[in-house]
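Peer 1: got a sequence here, can you build the structure:
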Amino acid sequence: MAFMKRNLNGSRRHPMAAILVIAAGLAVSGGGYAAATAAVQQANPTTAAASSAQIDEGHKLFLANCASCHGKNGEGSANAPSLIGVGAASAAFQVGTGRMPGQASGPQLMVKPVQFTEDEIAAIAAYVGSLGPGPAIPTADQIAPNGNATRGGELFRINCAMCHNAVGAGGALTQGKYAPALTNTKAEHIYEAMLSGPQNMPVFNDANLTPTDKKDIITYLTYVQKNPSAGGYELGNLGPVVEGLFIWIFVLGLIITITIWLGAKSN
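Peer 2: Next comes the predicted model:
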């Protein structure tokens, strides 16, 4: 009570007060950070069931094929970004689609023939995932096309169609970049791309699109891949602009040609 009265009367605080306030602030902030990190790691396990042998094998493959650009420990360099914290999903997508190892710099990494086996891809992804917390490779249940295709189509048109086209036919972006077609893309690569946001694509984490949302989008794209257009020749699924141009040039051109021919024949 005497200490409180002294403070209320405007006297100087006890010398330990500042230390206690700083210690309490550090405890609260540190505890909050630890809890948030644990929540992220629980939501995005980086090395689910990855053995030390698999990680070691991935490290060897990484040193032989990736370290010249990304650094011996994935720390990045002037030629390539750091891989610490990108997660196994990012590595599996880049290597599994043939984009990595990259052959040449340019506006965008090109899809190329895959240079590794499935086991080697899994090993590289396990090693990259061990470098820091990040999104893990999706499970078989997460990419199974047994969701709601109708809802998935709605979600795709809202979040993806402005770049990839309403049926995943792809489209041009600025400065030589493009959104690739999804007509032959595997379900696991679609999910991994949503998790990692490669190149120009934004990241769709579970706060943006829940795992159920992602499953529905994959279900919709799988349906589009397996079912041809019911309306006949689809003109590359590039939309009404291409269809209108086709009508103006070919259909109206044919009508004009027939009209001229009939007029010339009657004369």
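
Peer 1: show me the helices in the stretch 101-250 of the chain, by range?
Peer 2: With DSSP state H, counting those that start in this stretch as the criterion, the stretch 101-250 of the chain has helices at 118-130, 140-143, 149-159, 161-164, 187-196, 211-226, 240-246.

Peer 1: any buried residues in the second one, and which?
Peer 2: Put plainly, it is helix 140-143. Applying a neighbour-count criterion of 16 or more other C-beta atoms under 10 Å, one finds Gln142, Ile143 buried in helix 140-143. All C-beta atoms are positioned from the backbone trio N, CA, C, and that covers glycine.

Peer 1: remind me what that helix packs against, helices and strands.
Peer 2: helix 187-196, helix 211-226 (3 or more C-beta pairs under 8 Å, 6 or more residues apart in numbering; DSSP states H and E).

Peer 1: and the first one, by the same measure?
Peer 2: Secondary-structure packing of helix 118-130 (3+ C-beta pairs under 8 Å, 6+ apart): helix 52-65, helix 88-96.

Peer 1: again, but for the fifth one
Peer 2: For helix 187-196, the elements it packs on are helix 88-96, helix 140-143, helix 211-226, judged by 3+ C-beta pairs under 8 Å, 6+ apart.

Peer 1: which stretch among those comes nearest Asp56?
Peer 2: For these, proximity to Asp56 was assessed by C-beta to C-beta; helix 88-96 is nearest, at 15.2 Å.

Peer 1: rewinding a little: could I get the helices and strands packed on helix 187-196 as a markdown table with mean pLDDT and distance to Thr183?
Peer 2: Formatted as a markdown table, the helices and strands packed on helix 187-196 follow (pLDDT from 0 to 100; distance: least, C-beta to C-beta, whole Å):
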| stretch | mean pLDDT | distance to Thr183 |
| --- | --- | --- |
| helix 88-96 | 95 | 17 |
| helix 140-143 | 95 | 17 |
| helix 211-226 | 95 | 6 |
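
Peer 1: redo the ones you listed as TSV? Include distance to Gly170.
Peer 2: Converted to TSV, the helices and strands packed on helix 187-196 look like this (distance: least, C-beta to C-beta, whole Å):
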stretch	distance to Gly170
helix 88-96	17
helix 140-143	21
helix 211-226	12
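
Peer 1: and those, which is most packed in?
Peer 2: Ranked by mean neighbour count, the helices and strands packed on helix 187-196 are led by helix 88-96 with a mean of 26 (mean count of other C-beta atoms under 10 Å).

Peer 1: list of residues touching that one?
Peer 2: With C-beta atoms under 8 Å, 6 or more residues apart in numbering as the test, helix 88-96 has contacts from 46-47, 50, 83, 99-101, 109, 114-116, 121-122, 124-129, 134-138, 186, 188-189, 191-193, 195-196, 198.
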